[in-house]
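Visitor: Please work out how this folds:
(4 chains)
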Protein chains: 2
Amino acid sequence: MSDIDTKTAILDAAETLFVEQGFEGASLRSVTSMANVNIAAIHYHFGSKDALVKAVLERRLSPINQKRLDLLNALELSCADRNLQLEDILRALFEPALKMTGFGGGSHSNIARLIGRLFSEPSHSLQLYLKARFQEVFDRFSAALRSVLPDLPDVDFFWRIHFMMGAMSHTLCDQERPRLLSGGICNPQCFEETCDQLIAFVAGGLRAQCVGIKREDVE
Amino acid sequence: MSDIDTKTAILDAAETLFVEQGFEGASLRSVTSMANVNIAAIHYHFGSKDALVKAVLERRLSPINQKRLDLLNALELSCADRNLQLEDILRALFEPALKMTGFGGGSHSNIARLIGRLFSEPSHSLQLYLKARFQEVFDRFSAALRSVLPDLPDVDFFWRIHFMMGAMSHTLCDQERPRLLSGGICNPQCFEETCDQLIAFVAGGLRAQCVGIKREDVE
DNA sequence: AAAAATTTAAAACGAACGTTTGATTGATTT
DNA sequence: AAATCAATCAAACGTTCGTTTTAAATTTTT
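Guide: Residues are numbered from 1 along each chain as shown, chains lettered A, B, ... in the order given. I've put the predicted structure just below:
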């Protein structure tokens, strides 16, 4: 009991401080101080700071990615006969990440910022973790997206998947900027609004005219 | 002479190490060691690590943002009578950032990663610097983009500007991922390809159907 | 050539870092 | 009741951090 409480207290405090100060900026002493546990408890329960970082991420990422795969599975089952819709696939990809990370006033401290920041972390260890952890989700979703964009050349398709990840991670990273940029018009706290807008933008980008086909050629 | 050499040597080494290890991950000792200068030289020439970080950024960001404004000015002058083209505005925004940061084999160590990472840095000091440094570019370009997207509601417009920044910063951050994702089909070292693809995606996203107007309603 | 200002050098500052130790507690098992 | 084990604690480990000091060397100015 006390075991679980201590581990959870450490994870909660580490999550909060990693969000605010980054993985390197937050010290283990600040974590144990916030969690009201002894400094040695981190190495007893997790082994190292690096392992703690991954434990913090794993606690949130695991259910998010599982939900994504569940939604995609359900989608593919329900659409076995007719075609999948691009927007539905994107929703299955974005919705869990937004809904389960505090968008719309979720309970977790802004773990979205942590996840969004992952893609730009310089740490090699984290990059390897990230790649391994997202491999299945990437493979499944890129296959699904490929199937609904049959006319897109390969090169364009992969570039756009890359840009899509950029829009998504940036959205996770900074939940305040849209409100500031827009003078309060955008409401990033509203999960539905954020999700709908992100889907519309990415769908438009994925469906855009291919590079090499100039606008003048078709007009 | 020796002054310039020492300062430049420090900036070059700091840039390289900040790219590889992050602002916090790279120590001043590793910088002076790579630059072959004394550790005290950093505080003599720059004052503090924080000031060094900003000097490293400023050296690259300043000409990039100046070039962006120059291109936009030239664009607006040459198109005084007829309408601006969305793609041309995007090119004026993306091209300097890609061309002047080592895309396509530029000389600078991967400063693009530094710039792209800026948006997700947790440091308050850096966030303030970033905001002040990009204010003019943001204002000018968002006004230009607004003018060529007159039918887009405000809320959609600002959301899409946000997503656009995500696609751009992610592209700067990681020049290897497109190649890896695509199995070698995409060539991020090719500046032209990267720029054209990014423009096509973002233009498609900006031109996408507005949220609230369902596809069924128009089909 | 002398004097003044600028730049480099070696060394150390205190503080903070991740990590480890060894003793102690409290519950579980024998 | 004794032994075992996981969990917690205070304290310290050695290292590295950004920064400062003081003096020597160099360049610039007079």
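Visitor: Quick one: name the residues of chain A near DNA strand C.
Guide: Residues of chain A lying near DNA strand C by Cβ under 7 Å from any atom of the strand: A:Ala26, A:Ser27, A:Leu28, A:Arg29, A:Ser30, A:Ile39, A:Ala40, A:Ile42, A:His43, A:Ser48, A:Lys49, A:Asp50. C-beta here means a position set from N, CA and C on the backbone, and glycine is covered the same way.
Visitor: Just the pLDDT for the closest residue to the fifth one other than its chain neighbours.
Guide: This means A:Ser30. Spatial nearest neighbour of A:Ser30, chain neighbours left out: A:Leu17 (5.6 Å); criterion: Cβ to Cβ, 6 or more residues apart in numbering or on different chains. pLDDT for A:Leu17: 97.
Visitor: Report all helices and strands that the helix or strand where A:Ala13 lies contacts.
Guide: Assigned by DSSP states H and E, A:Ala13 falls within helix A:2-25. On a contact count with 3 or more Cβ pairs under 8 Å, 6 or more residues apart in numbering or on different chains; DSSP states H and E, helix A:2-25 meets helix A:28-35, helix A:40-45, helix A:49-78, helix A:111-118, helix B:2-25.
Visitor: just to revisit the earlier point, tell me who's in contact with the residue nearest to A:Ser30.
Guide: Going by Cβ atoms under 8 Å, 6 or more residues apart in numbering or on different chains, A:Leu17 touches A:Ala26, A:Ser30, A:Val31, A:Met34.
Visitor: per-residue confidence at the third one?
Guide: The predicted local distance difference test score for A:Val31 is 98.
Visitor: how near is it to A:Gln21?
Guide: Relative to A:Gln21, A:Val31 is positioned 10 Å away (Cβ to Cβ, to the nearest Å).
Visitor: Ok, the last one next?
Guide: Here the distance between A:Met34 and A:Gln21 works out to 11 Å (Cβ to Cβ).
Visitor: And A:Gln209, by the same measure?
Guide: For A:Gln209 relative to A:Gln21 (Cβ to Cβ), the value is 43 Å.
Visitor: what about the closest residue to A:Lys7 other than its chain neighbours, distance to B:Arg177?
Guide: Leaving aside its chain neighbours, A:Lys7 sits nearest to A:His45 (5.1 Å; criterion: Cβ to Cβ, 6+ apart). If you measure A:His45 against B:Arg177 using Cβ to Cβ, the figure is 34 Å.
Visitor: More neighbours: which of those two?
Guide: Taking other Cβ atoms under 10 Å in any protein chain shown, A:His45 and B:Arg177 do not tie; B:Arg177 has more neighbours (21 against 16).
Visitor: what does chain A have sitting close to DNA strand D?
Guide: Near DNA strand D, when you scan chain A using Cβ under 7 Å from any atom of the strand, you find A:Ser2, A:Asp3, A:Asp5, A:Thr6, A:Val37, A:Asn38, A:Ile39, A:Ala40, A:Ala41, A:Tyr44, A:His45.
Visitor: Pull out the buried residues from these.
Guide: Buried members of the residues of chain A next to DNA strand D, scored by 16 or more other Cβ atoms under 10 Å in any protein chain shown, are A:Thr6, A:Val37, A:Ala41, A:His45.
Visitor: residue contacts, A:Phe94?
Guide: A:Met168, A:Cys195, A:Leu198, A:Ile199.
Visitor: Just confirm the third one contacts B:Met164, I think it does.
Guide: Read that as A:Leu198. No. Look at A:Leu198 against B:Met164 with Cβ atoms under 8 Å: they stay out of range, at 11.9 Å.
Visitor: Quick check: neighbours shared by those two?
Guide: A:Ala167.
Visitor: residues in contact with the helix or strand harbouring A:Leu128?
Guide: Assigned by DSSP H and E, A:Leu128 belongs to helix A:124-148. Outside helix A:124-148, the residues within contact range by Cβ under 8 Å, 6+ apart are A:23, A:50, A:53-54, A:57-58, A:61, A:65, A:68-69, A:72, A:75-76, A:83-86, A:89, A:92-93, A:118-119, A:121, A:157, A:161, A:206, B:181.
Visitor: Would you mind checking those for buried ones?
Guide: Of the contacts of helix A:124-148, these count as buried by 16+ other Cβ under 10 Å: A:23, A:53-54, A:57, A:61, A:65, A:68, A:72, A:75-76, A:84, A:86, A:89, A:92-93, A:118-119, A:121, A:157, A:161, A:206, B:181.
Visitor: does A:Gly25 really touch B:Gly22, like I thought?
Guide: No. Contact criterion Cβ under 8 Å: A:Gly25 and B:Gly22 do not qualify, at 9.9 Å.
Visitor: Tell me the one of the residues of chain A next to DNA strand C nearest chain B?
Guide: Nearest to chain B, judged by Cβ to the nearest Cβ, of these is A:Ala26 at 9.0 Å.
Visitor: so who does that closest one touch?
Guide: Taking Cβ under 8 Å, 6+ apart, one finds A:Ala14, A:Leu17, A:Phe18, A:Glu20 in contact with A:Ala26.
Visitor: now do 6 Å
Guide: A:Leu17, A:Phe18 (Cβ atoms under 6 Å, 6 or more residues apart in numbering or on different chains).
Visitor: Quick check: it vs A:Thr32, distance?
Guide: From A:Ala26 to A:Thr32 the distance is 11 Å (Cβ to Cβ).
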